[in-house]
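>>> need a structure here:
(4 chains)
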2 protein chains.
Amino acid sequence: MPSPLISKLERGAYLNDEDRARLEKVVRHPRRVGARENLIHEGEAPSNVHLVLDGLACRYKVLANGRRQIIAFLIPGDFCDFHVAILGAMDHGIATLTPCTMVSIPAETILELTTYYPRISRAFWWSTLVDEAILREWLVNMGQRPADRQMAHALCELLVRFQTVGRATADSFGFPITQEEFGDALGLSVVHTNRSLQYLRQEGLITLAGGVMTVLDVDRLREFAGFKANYLHLTLLSNDGPGMAD
Amino acid sequence: MPSPLISKLERGAYLNDEDRARLEKVVRHPRRVGARENLIHEGEAPSNVHLVLDGLACRYKVLANGRRQIIAFLIPGDFCDFHVAILGAMDHGIATLTPCTMVSIPAETILELTTYYPRISRAFWWSTLVDEAILREWLVNMGQRPADRQMAHALCELLVRFQTVGRATADSFGFPITQEEFGDALGLSVVHTNRSLQYLRQEGLITLAGGVMTVLDVDRLREFAGFKANYLHLTLLSNDGPGMAD
DNA sequence: CGGCATTTTGACAATCGTCAATCAGTGTGG
DNA sequence: CCACACTGATTGACGATTGTCAAAATGCCG
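Below is the predicted model:
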């Protein structure tokens, strides 16, 4: 089973055997982190780059009034703080939502990879730019779609992203977070998050129980959400189709 | 007068005389574009990279229901489509809001710069990552702040960004766009945009007339908006202080 | 069983959008 | 010069969406 990082990168960039071998080596010494732990605080400048290998984490910012916005879901294969070496300090925090497996990659290793492995370097560029594209779509989602469609859109995205790293079946993925946390990502209150969720359930679009999100009708959910996957820039075919990992 | 690209990059990355000279050469043959013209459509894959030298443009997406979300303001020194060479196709459009001066940079030139000028390459990385950081802050802005504070926050950001490229005084900048356009950026209707604007005026925080936005009390506006400039990552001092260009 | 977090529900209030009308500014043709 | 059209700003009335508060229900775990 390839590491989720390689699965992801190969949906947007070409790697050869040497690249893959080098990347596999980077992922050698993972560590476990519990749910809801703060990994990195705003203002810090960690010297290692953190990569999610399993579980679900998030970027977030907390405002003076205590409100929290989750800015991104970090799923297996996602970097937490790839930018910090260049930007100097984190402008947001990183926390786990579920128990996670993570690796810390020394900054020098990243530097080595980007310097001596041009395809890996390009793949990292691709990954960074896709992260940005996802942010743009989230902004559209929050700005222009009503709560229920916004939620549907987020779920369509998560399904695809989990599939590209072998963490989802054709129509379901593990999503064991609270509605409050989900609401923080959508910019909604808990109550309204709950109502939107119920609407999707009642419409027969999804099921969410025991931490598993099942999309009952992928086409209809996409239609309802206005979801087009182009912004994820998954231009290359993956070697292995979707299927539950582990 | 340095090009706005150089002014901007030097707030986050070191360049030497050779770098600056090379970058100046890139900006040699600008062209004028009228207000409200579409420069690049979603789905296109332009072969040149476009750079704003003067004026105000935007990234945007239009939904099936006709609603438009402006995803970013592009000000002098900003790239419109730096990512397209790697991502393959635009996932959003680019349009001018005011008359603009632009340059088209051949993709090979960008490739040359990033290959043979390590400081420029790092500066472009910095710029890309700051764009991403701005998107994160916009997301927080839309998700967690009420309309008037959100608007105030956007204005604080624009003031700083215009200042870094010599397009603003200590408290004012040209902002000749319609309230509908501003609303599209904030995710608000025209009417509510107007009301939020009036609130800021009535509070004595800003003035907007004849296309000039003046911040009457920068500290109070920042306080009201909860604005902290750290996400812009302007870590280096610029050579020339703020001052109206031209 | 008893706590505790989480989900769910109801009632109500605040924010924000929509519709429609008015007002102000600008440019154009006669 | 004025009438006219047009765009953009502003206002009021109303409705829809979403947030807040508080309580009840559910589920989980010791």
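>>> list the contacts for the spatially closest residue to residue A:211 that is not a sequence neighbour?
The shortest distance from residue A:211 to any non-neighbouring residue, by Cβ to Cβ, 6 or more residues apart in numbering or on different chains, is to residue A:176 (3.1 Å). Where you see a C-beta, it was placed from the backbone N, CA and C, and this is true even at glycine. Residues near residue A:176 by Cβ atoms under 8 Å, 6 or more residues apart in numbering or on different chains: A:56, A:98, A:211-212.
>>> show me the contacts for the residue lying closest to residue A:217 once chain neighbours are set aside.
Leaving aside its chain neighbours, residue A:217 sits nearest to residue A:205 (6.1 Å; criterion: Cβ to Cβ, 6+ apart). Neighbouring residues of residue A:205 by Cβ under 8 Å, 6+ apart: A:152, A:215-217, A:220-221, A:224.
>>> so residue A:205 versus DNA strand D, what's the distance?
Applying Cβ to the nearest atom of the strand, to the nearest Å, the value for residue A:205 to DNA strand D is 16 Å.
>>> can you list the residues that contact stretch A:81-91?
With contact meaning Cβ under 8 Å, 6+ apart, stretch A:81-91 is reached by A:40-46, A:49-50, A:61, A:94, A:107, A:110-111, A:124, A:127-128, B:12, B:122, B:125-126, B:129-130, B:132-133, B:136-137, B:230-231, B:233, B:235.
>>> sorry, wrong one. I was asking about stretch A:135-146.
Contacts for stretch A:135-146 (Cβ under 8 Å, 6+ apart): A:71-72, A:150, A:153-154, A:157, A:186-187, A:225-226, A:231, B:59, B:61, B:63, B:67-69, B:71-72, B:91-92, B:132, B:135-136, B:138-139, B:142-143, B:186-187.
>>> just the ones of these in helices?
Counting by DSSP state H, the contacts of stretch A:135-146 place A:150, A:153-154, A:157, A:186, A:225, B:132, B:135-136, B:138-139, B:142-143, B:186 in helices.
>>> who wins for neighbours among those residues?
Counting neighbours by other Cβ atoms under 10 Å in any protein chain shown, residue B:138 comes out on top of those with 28 neighbours.
>>> for residue A:54, give the beta-bridge partners.
Beta bridges link residue A:54 to residue A:101, judged by DSSP bridges.
>>> residues in contact with it?
Per Cβ under 8 Å, 6+ apart, neighbours of residue A:54: A:4, A:76, A:100-101.
>>> what about 10 Å?
Shown in contact with residue A:54 (Cβ atoms under 10 Å, 6 or more residues apart in numbering or on different chains): A:4, A:30, A:32, A:75-77, A:98-102, A:165, A:167, A:245-246.
>>> could you do residue A:214 as well?
Contact analysis of residue A:214 by Cβ under 10 Å, 6+ apart lists A:159, A:169, A:171-173, A:175, A:205-208.
>>> list only buried entries from these.
Among those, the ones that count as buried by 16 or more other Cβ atoms under 10 Å in any protein chain shown are A:159, A:171-173, A:175, A:205-206, A:208.
>>> next, format the residues you listed as JSON lines and append secondary structure and pLDDT.
Formatted as JSON lines, the buried ones among the contacts of residue A:214 follow (DSSP: H, G, I helix; E, B strand; the rest coil; pLDDT from 0 to 100):
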{"residue": "A:159", "secondary structure": "helix", "pLDDT": "98"}
{"residue": "A:171", "secondary structure": "coil", "pLDDT": "97"}
{"residue": "A:172", "secondary structure": "strand", "pLDDT": "97"}
{"residue": "A:173", "secondary structure": "strand", "pLDDT": "98"}
{"residue": "A:175", "secondary structure": "coil", "pLDDT": "98"}
{"residue": "A:205", "secondary structure": "coil", "pLDDT": "98"}
{"residue": "A:206", "secondary structure": "strand", "pLDDT": "98"}
{"residue": "A:208", "secondary structure": "strand", "pLDDT": "97"}
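>>> still on that earlier bit, what about the residue nearest to residue A:217, distance to residue B:36?
Per Cβ to Cβ, to the nearest Å, residue A:205 is found 38 Å from residue B:36.
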